[in-house]
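Asker: What shape does this take:
(2 chains)
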Amino acid sequence: MTRSAEEIGRTEAGPRELPPLGPTRDVPLPDVEDRTLPNGLRVLAAHRPGVPMVELRLRVPFAGEAPGHPAVAELLSATLLTGTPTRDRVEIDDALAAVGADLGVSVDPERLMITGSGLSDGLADVLGVLADVLTAATHPDDEVARERERLVERISVARAQPRTIARAALQRKRFGDHPITREMPTGEAVAAVTAEEVRALQTTALVPRGSILTLVGDIDTGAAIAEVEKQLAAWTSEHAAVEMSPPPPVPPGDLELVHRPGSVQSQLRLTAPAVRRDHPDYAAFQLANLVFGGYFSSRWMENIREDKGYTYGAHSGIEFIPGGALLGVDTDVASDVTAAALLETRYELGRLTAVPPTAEEVDAARAYSIGSLLISLDNQGGLASTITAMAADGLDIDWVRSHPARLEAVTVEQVAAAALTYFAPTAFTGVVVGDADVIGAGVRALGGIAS
Amino acid sequence: MPVELPTVDLHRATLANGLRVLIVPDPATPVVGVAVHVDVGFRSEPEGRTGFAHLFEHLMFQGSESLEKLAHFRHVQSSGGVFNGSTHQDYTDYFEILPAAALERALFLEADRLRAPTLSVENLRNQVDVVKEEIRLNVLNRPYGGFPWILLPPVLYDTFPNAHNGYGDFSELEQASLEDAASFFDTFYAPGNAQVTVAGYLDVDETLRLVEKHFGDIPARPTPVRPSFAEPIPGAERRRSVTDAHAPMPALAIGYRLPDPATDLDGYLGHALLGSVLGDGEAARLERGLAQTGLVTDISASAGLMGPLDARDPDTFTITAVHPAEIDADRVLAAVDEELDKLAATGPTADELARQVARWSAGLHQENDRVMYRMLGLGARELLYGRAEIGVELPERLAAVTPAQVQAAAATLRGSGRGVLLVEPS
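Answerer: Residues are numbered from 1 along each chain as shown, chains lettered A, B, ... in the order given. Here you go, the predicted structure:
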């Protein structure tokens, strides 16, 4: 049996009607118990059963002005779980694995984050390990030496990734040499770090005051907080964890062309100022962003992927920074269509301001933003991450609960106003990373490229 | 730690046209998911058309009789949902997760393209371009692209289905024609070759009625005979080197054959847990013996080229490592063999194994906590092995695996041939 493509695409009955949506189901978010312990640690706990697990997030503000800070911080994060006076690296991991738990440590210019989960029955054991490393991690000389070597090797791999190269170029373009740009230390900087420096940073910077610990899962919130208080009582500090100073505002300007010889694709990274969650424009901005490039059914994606085939993915989104927020417009495209993709990107930015989103576009974005929020909160891990991010931003679960209503209230006119304010092509700066010998002439011909 | 079995309520039906239906209610969630699993993956694509199964997956998003181009995406997202599709060795899945209010709409969207997709030359050419960008992004323009899932199979396997590149060669993607697409759809996308999984907040009877309403009038077509992809296990080691211009450090991958999960599930799980004992966590054997001694920067071991229990036989047990240029690949291989020999001689300790089982079970709980992963996991096991229950019973089955079974798995690997792929920086 072989039918033609045309025969396959048609039935006798013909096209059918899209069914309407059924009744909306509301599942309320759990309450969050919020307590600040005598040591200054803020503990947030929420009961969300479903699976017998608990999710843990510990966020410690971890900024540092010193140029060497990021290298020491990376090594601290790599060796935090490698030794205490009572446990070595393997014993730490065994104690966690025995209760199905895992802890991971990561650090960026703003904060150190410990992310983990385990069987909820084992929460006390996990907190025991956490307390042990927070109060007594020894960062043994041999572990520091080994991890230093591995970190140098991993950095060499990471720095070969086009997205890492593009990100570093973008941060430099936006913030010059502000500490926020130091997302990945150089191998040389890491190689120079000593175990003493790592231990000293743990004493001064890995502190409870100003930090947030979130627990979400099949737990009794009161008992869980009491357990935290008992186990982490010895984690103390006189001063608060260090918050990053806000970076300077990002001025609009020409894009910088960054040469990556031999590249078969180019990274377009455009950026402009945006607003934080507590800003009155935030919900309107969010919808304008979705219509532009924030989801698959956006103008930009439909243009450069589904119409032109220039890219596999194009995405615009918000990034929160100390004291502000930025809009990022990111896509990777083949070298030979780089200029064409840049042209279409600028066209769609201009079109969003000149031909603002229609009521239909706004309604679609609204439904998506409300629905995808619901989906993202429908598991312990997503809820734990959201509660932590809200708290770090000075907001709480009530902000999340009331956000659908704010999105519902946004008018088409407000979205048009947000588009005009935040998406004007003149508000942007950014970088284009690729093989300049291949893409340079075409991209420069469009103008707006720094010489 | 006692094994706690999750309670999962499974309901099955088969429509008159042969379409299989799996319904998994969960009263606690506000969302619902719909997935269509089609029993064709990149192992079934014709010679000369590498990458076609994946390209065809892209075409299925390009419109259908009731839905013009872009409408599928727009209807899912403007109903508050998210969507995706993916192509594996033996199956292709299409799915969306939405607020429960959109259940019937999701069924409508999936049924429309399974009944009458719009296959056009414009969409074909456009999606060939998009797929080429996907391959540039994930393979050609980055270090270790396609490592090991594209690069290792041709070393371990001899036959086209098992050995070829499932992403496809550019020249063959460019040759894909509309006739290829029509014939692929008619052959493999027959309702009797597909399965619908619905999971989340739903009423079982009402959902079954809606599945019948939307999918029931797709005419039955002959279901293709599924070929065997079996080939002999190599008796010796085979080696191949490739150069990676973007890679700063050498890497290697070792591929072994796995037991058939359909006929020897316990043997398969013994291998899966061997992967954990070797590579999962700081206490894992390869981590201690190789990573913590400076022989490698990173090392991992796992069952299944695209994940555990994600393909029929034959599938691959993989060990991968990135290592410093000063360390010779043979030294890394010898150290891996030494760890396998130790396990083949004495097996893991009972505690060591129990910790790996506890971690694996916790991971299954996390997976189960998301409607999307629960739906995809149950749907894939139902399609591949005819038993979604495998996913439900997994914590119990893993807890029953003995150190002797893991020891036997290590001995099997040491006694069999293998494929070794060396990635060398240029």
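Asker: any idea how far the residue sitting furthest away from the middle of chain B lies from B:Val336?
Answerer: With distances taken as CA atoms, centre = their mean, the residue sitting farthest from the centre of chain B turns out to be B:Glu326, at 34.7 Å. Here the distance between B:Glu326 and B:Val336 works out to 18 Å (CB to CB, to the nearest Å). Glycine gets a C-beta too; all of them are placed from N, C-alpha and C.
Asker: Kindly report the same for A:Gly176.
Answerer: In this structure, A:Gly176 and B:Val336 are 47 Å apart, going by CB to CB.
Asker: For the residue of the stretch 51-200 of chain B found nearest chain A, which non-adjacent residue is spatially closest?
Answerer: For the stretch 51-200 of chain B, the residue positioned closest to chain A under CB to the nearest CB is B:Gly80, at a distance of 1.8 Å. The spatially closest residue to B:Gly80, leaving aside those adjacent along the chain, is A:Gly371, at 1.8 Å (CB to CB, 6 or more residues apart in numbering or on different chains).
Asker: Please identify which helix or strand holds the one you found.
Answerer: A:Gly371 is located in helix A:359-376, with elements delineated by DSSP states H and E.
Asker: still on that earlier bit, which residues does the residue nearest to B:Gly80 contact?
Answerer: By CB atoms under 8 Å, 6 or more residues apart in numbering or on different chains, A:Gly371 lies in contact with B:Ser79, B:Gly80, B:Gly81, B:Leu98, B:Pro99, B:Ala102.
Asker: Strands along the chain, start to end?
Answerer: Here I'm looking at chain A. Taking DSSP state E as the test, the strands found in chain A are A:32-36, A:42-47, A:53-61, A:102-107, A:111-119, A:212-217, A:255-259, A:265-273, A:311-321, A:324-334, A:429-434.
Asker: please go with chain B instead
Answerer: Counting by DSSP E, one finds strands in chain B at the ranges B:11-14, B:20-25, B:31-38, B:82-87, B:92-99, B:194-200, B:237-244, B:251-257, B:298-303, B:316-322, B:418-425.
Asker: And the residue of the stretch 301-450 of chain A closest to chain B?
Answerer: When distances are taken as CB to the nearest CB, the stretch 301-450 of chain A reaches nearest to chain B at A:Gly371, 1.8 Å away.
Asker: still on that earlier bit, which residue of A:Gly176 and B:Val336 possesses the greater neighbour count?
Answerer: Neighbour count, other CB atoms under 10 Å in any protein chain shown: between A:Gly176 and B:Val336, B:Val336 has more, with 24 against 11.
Asker: From B:Val401, how far out is that one?
Answerer: Using CB to CB, one gets 22 Å for the distance from B:Val336 to B:Val401.
Asker: Settle this for me: A:Glu239 is touching A:Val207, isn't it.
Answerer: Heads up, residue A:239 is His, not Glu. Yes. With contact taken as CB atoms under 8 Å, A:His239 and A:Val207 are classed as touching, separated by 6.9 Å.
Asker: who has more neighbours, the two?
Answerer: When A:His239 and A:Val207 are compared for neighbours, A:Val207 comes out ahead with 24 against 11, by other CB under 10 Å.
Asker: I'd assumed B:Gly289 was in contact with B:Glu338.
Answerer: Yes. When contacts are counted by CB under 8 Å, B:Glu338 is listed as touching B:Gly289 (7.2 Å).
Asker: So for these two, which sits in the more crowded spot?
Answerer: B:Gly289 (18 against 12).
Asker: Any idea how many residues pack against the residue nearest to A:Ala392 when sequence neighbours are not counted?
Answerer: For A:Ala392, the nearest residue in space outside its immediate sequence neighbours is A:Arg59; the separation is 5.9 Å by CB to CB, 6+ apart. Here the neighbour count serves as a burial measure; for A:Arg59 (other CB under 10 Å) it reads 22.
Asker: In chain A, where is pLDDT below threshold?
Answerer: A:1 (pLDDT under 70).
Asker: and B:Arg359, what pLDDT?
Answerer: Predicted confidence (pLDDT) for B:Arg359: 95.
Asker: who's in contact with it?
Answerer: Counted by CB under 8 Å, 6+ apart, B:Arg359 has contacts A:Ala97, A:Gly100, A:Ala101, A:Asp102, B:Ser276, B:Asp280, B:Gly281.
Asker: of these, closest to A:Asp437?
Answerer: Closest approach between those and A:Asp437, by CB to CB: B:Asp280, at 44.9 Å.
Asker: give me every residue that touches the nearest residue to the closest one once chain neighbours are set aside.
Answerer: Beyond its immediate neighbours in the sequence, the residue positioned closest to B:Asp280 (CB to CB, 6+ apart) is B:Gln356, lying 6.3 Å away. In this structure, B:Gln356 makes contact with A:Ala97, B:Leu273, B:Ser276, B:Val277, B:Asp280, B:Gly281, B:Pro348, judged by CB under 8 Å, 6+ apart.
Asker: Equivalent analysis for A:Thr2, please.
Answerer: Applying CB under 8 Å, 6+ apart to A:Thr2 gives the contacts B:Ala182, B:Ser183, B:Asp186.
Asker: Quick one: residues contacting the second one.
Answerer: Remark: with contacts taken as CB under 8 Å, 6+ apart, B:Ser183 is in contact with A:Thr2.
Asker: Could you measure from it over to B:Arg49?
Answerer: For B:Ser183, the distance to B:Arg49 equals 10 Å [CB to CB].
Asker: Give me the nearest residue to A:Ser4, chain neighbours excluded.
Answerer: Here the residue nearest A:Ser4, using CB to CB, 6+ apart, is B:Ala182, at 5.9 Å.
Asker: actually A:Asn303, not the one I typed
Answerer: Of all residues apart from its sequence neighbours, A:Glu344 sits closest to A:Asn303 (CB to CB, 6+ apart), at 5.5 Å.
Asker: how far away is the residue nearest the centre of chain A from B:His37?
Answerer: Nearest residue to the geometric centre of chain A (CA atoms, centre = their mean): A:Glu319, 7.3 Å. Plainly put, A:Glu319 is 36 Å away from B:His37 if you go by CB to CB.
Asker: before we move on, what about A:Gly324?
Answerer: Looking at A:Gly324 against B:His37, where the rule is CB to CB, the gap reads 45 Å.
Asker: Over to B:Ala102?
Answerer: Shown here: B:Ala102 relative to B:His37, a distance of 20 Å by CB to CB.
Asker: can you check A:Glu413 too?
Answerer: Computed with CB to CB, the distance linking A:Glu413 and B:His37 is 45 Å.
Asker: So the two - more neighbours on which side?
Answerer: Neighbours were tallied for A:Glu413 and for B:His37 using other CB under 10 Å; the higher tally belongs to B:His37 (25 against 11).
Asker: Hmm, that one is touching B:Tyr91, no?
Answerer: Yes. Counting by CB under 8 Å, B:His37 does reach B:Tyr91; the two are 5.3 Å apart.
Asker: Looking at the contacts of B:Arg359, spot the one nearest A:Ala145.
Answerer: Looking at the contacts of B:Arg359 and their distance to A:Ala145, the nearest is B:Gly281, at 21.3 Å (CB to CB).
Asker: Quickly list the domain ranges of chain B.
Answerer: B:11-215, B:237-425 (automatic domain parsing).
Asker: Show me which residues of stretch A:22-42 are buried.
Answerer: A:Leu29, A:Pro30, A:Val32, A:Glu33, A:Asp34, A:Leu37, A:Asn39, A:Gly40, A:Leu41, A:Arg42 (16 or more other CB atoms under 10 Å in any protein chain shown).
Asker: Would you mind putting these into CSV with distance to A:Ala418 alongside?
Answerer: Output for the buried residues of stretch A:22-42, formatted as CSV (distance: CB to CB, whole Å):
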residue, distance to A:Ala418
A:Leu29, 27
A:Pro30, 32
A:Val32, 30
A:Glu33, 36
A:Asp34, 32
A:Leu37, 40
A:Asn39, 42
A:Gly40, 38
A:Leu41, 38
A:Arg42, 33
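Asker: out of those residues, which one sits closest to chain B?
Answerer: Distance ranking of those against chain B, using CB to the nearest CB, places A:Leu29 first at 10.5 Å.
Asker: Now for the nearest residue to A:Gly14 once chain neighbours are set aside: which residues touch it?
Answerer: With CB to CB, 6+ apart as the measure, B:Glu65 is the residue that lies nearest to A:Gly14, at 7.3 Å, once sequence neighbours are left out. In this structure, B:Glu65 makes contact with A:Gly9, A:Arg10, A:Thr11, A:Gly14, A:Pro15, A:Arg16, B:Asp112, B:Arg115, B:Ala116, B:Thr118, judged by CB under 8 Å, 6+ apart.
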